[in-house]
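Asks: Next one to model:
(one chain, ligands or ions: 2)
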Amino acid sequence: MAAITHSDIVKAPKALLHDHLDGGLRPETILELAGEIGHELPAGDPAALGEWFVAAADSGSLERYLETFAHTVAVMQTAESLHRVAKECALDLAADGVAYAEVRYAPEQHLERGLSLDDVVDAVNAGFVEGSAEAAALGRPIRVGVLLTAMRHAARSQEIAELSVRYRDAGVVGFDIAGAEAGFPPTRHLDAFEYLQRENFHFTIHAGEAFGLPSIWQAIQWCGADRLGHGVRLVDDITRTPGEDAVLGRLAAYVRDKRIPLELCPSSNVQTGAAASIAEHPIGLLHDLRFRVTVNTDNRLMSGTSMSREMALLSEAFGWGWAELQWLTINAMKSAFIPYDERLEIINEVIKPAYAKLLG
Ligand SMILES: O=c1[nH]cnc2c1ncn2[C@H]1C[C@H](O)[C@@H](CO)O1
Ligand SMILES: [Zn+2]
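Replies: Ligands and ions are numbered 1, 2, ... in the order given. Below you'll find the model as predicted:
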C-alpha cells in the first residue's frame, strides 16, 4: 500500500502527549524576541535559524541535543514572551490537526528576569487559552493540557510537584522530569513522586531514552510513573531470534501487561542516537507486540518536525495505513491525563468519526 501523504494526515485528528514548549518555538519568534533583549543567536534569518537547530540537535548525544535549548529558554523569560510562545504553540499544533495536546516545560528555567513560578504558569496558561480560542474560531479546535517538568539534575522537583497540584484545576494536568538521564536516576526525586501519588495526581518520567532498563525500572517500580517519556530502550528487555516469536523479559512483560503507555518520539530518538533510523526504530517491534504505543514530536523545532510529519515517516517506513494511525491516536487519547469521560468524548466524538471516513 502507498504511504499516506503528509497533507492527508494533517486533515486527520491527532493526539499528542509529549511536546516541549521550549522545543517548539517558531524561528521567526526566536529572532524577534532575541532582538528585543539583545540575545545573540547562531543565525540571522528564520530559515537558517531553523536549520541550525536541527543540525545542532542532530548530534548523536542527548547532552549535546539539550545544549540547543539555551537559545529558546533565553528568550522565554518574561510574561509577554511566555504568553506569545504558548499561544503560537496552540495555533501551530491546531493547524497541524492536533485535536488534543499535552505540552510540557520546566517553570524553574524561566525565572532569570524576576518572574515567580506562579507568574510563569499564569502566563503560559493564558497563552494557551488565547491560542486555543483563536484556533477554534479558525475551525481548528484543540484542547491543550499542561505538564509541569522538573529538571532531573536540579533539586526543585518537590516544589514543582506542589506547583502542579496547586494548578490542577487551572490547566495543569500532570508532572514530568526531564534533562540529561545518565547520572540522574528518577529515584533522586522520589519524595516528589510519593507526594504526587498521595495527591492522586498524574505523572510521566523521561526514562529509557539515553539510559537503559534500570532507569525504566526505577521510573515504574520505585516512582510509580503513569507513563514513560520515550521508554524506547525497553527493547533491551526483548529477545528476538529470527524465525521465532520475540521473548519478553520481566520488565517488558510488566509494561505490556499493565498497558503502561510509551511516549515514543521517533525523529528525536534518531537525533540523540537512541535509534539508528526511523525504519530501524523499535516502534515497529513494539507496535507488532501490541505495547501501548503512542507517537510524539518531543521538540518540533530541534527535529524540524510536526505530529503529521512523524506519522507520515512511520507510514512510509512501516507501511502503516489509517488503521494503524487510528490505533496510535486512540492509544494516546486513552493515555491522556485528563479525566476519563473527557478522553472518551474526544475518542467518540472527534477521533472515531474522522477515521471511520478515512478508512472508508
Ligand atoms: O527528549 C528529551 N529528553 C530529556 N530532556 C529533554 C528532552 N527534550 C527536552 N528536554 C528538556 C530540555 C527542556 O529545556 C526541558 C523542559 O522542556 O526538557
Ligand atoms: Zn522529551
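
Asks: Please report the distance of Ala279 from ligand 1.
Replies: As judged by Cβ to the nearest ligand atom, to the nearest Å, Ala279 and ligand 1 stand 21 Å apart. C-beta coordinates here come from the backbone N, C-alpha and C atoms, glycine included.

Asks: Tell me which residues touch that residue, please.
Replies: Residues in contact with Ala279 (Cβ atoms under 8 Å, 6 or more residues apart in numbering) are Ala317, Phe318.

Asks: Quick check: residues of the stretch 201-350 of the chain near ligand 1?
Replies: Proximity of the stretch 201-350 of the chain to ligand 1, by Cβ under 6 Å from any ligand atom, involves residues His206, Glu209, Ser268, Asp298, Asn299.

Asks: give the contact list for the first one.
Replies: This means His206. Listed by Cβ under 8 Å, 6+ apart, the contact partners of His206 are Arg152, Asp176, Ile177, Ala178, Gly179, Glu181, Gly229, His230.

Asks: and if we set it to 10 Å?
Replies: Counting by Cβ atoms under 10 Å, 6 or more residues apart in numbering, His206 touches 18, 62, 104, 149, 152, 176-181, 184, 186, 215, 219, 225, 228-231, 263, 298.

Asks: Restricted to helices, list the residues you listed.
Replies: Leu62, Ser215 (DSSP state H).

Asks: I figured Gly35 hits Ser81, correct?
Replies: No. Using Cβ atoms under 10 Å, Gly35 makes no contact with Ser81, being 11.8 Å away.

Asks: quick one: which of these two has more around it?
Replies: Set Gly35 next to Ser81 and count neighbours by other Cβ atoms under 10 Å: Ser81 wins out with 23 against 11.

Asks: Could you check how far Ala90 is from Val146?
Replies: Ala90 sits at a distance of 11 Å from Val146 (criterion: Cβ to Cβ, to the nearest Å).

Asks: what's the overlap in contacts for the two?
Replies: With Cβ under 10 Å, 6+ apart, Ala90 and Val146 have common neighbours Ala101, Val103, Phe128.

Asks: In strands only, show me those.
Replies: If you go by DSSP state E, these have Ala101, Val103 in strands.

Asks: Which single one of the shared contacts of Ala90 and Val146 is nearest to Asp288?
Replies: Nearest to Asp288 among these is Ala101, at 27.1 Å by Cβ to Cβ.

Asks: For the stretch 201-350 of the chain, which segments count as helices?
Replies: Secondary structure of the stretch 201-350 of the chain (DSSP state H, counting those that start in this stretch): helices at 213-217, 250-257, 266-272, 283-288, 300-303, 307-318, 322-334, 340-346.
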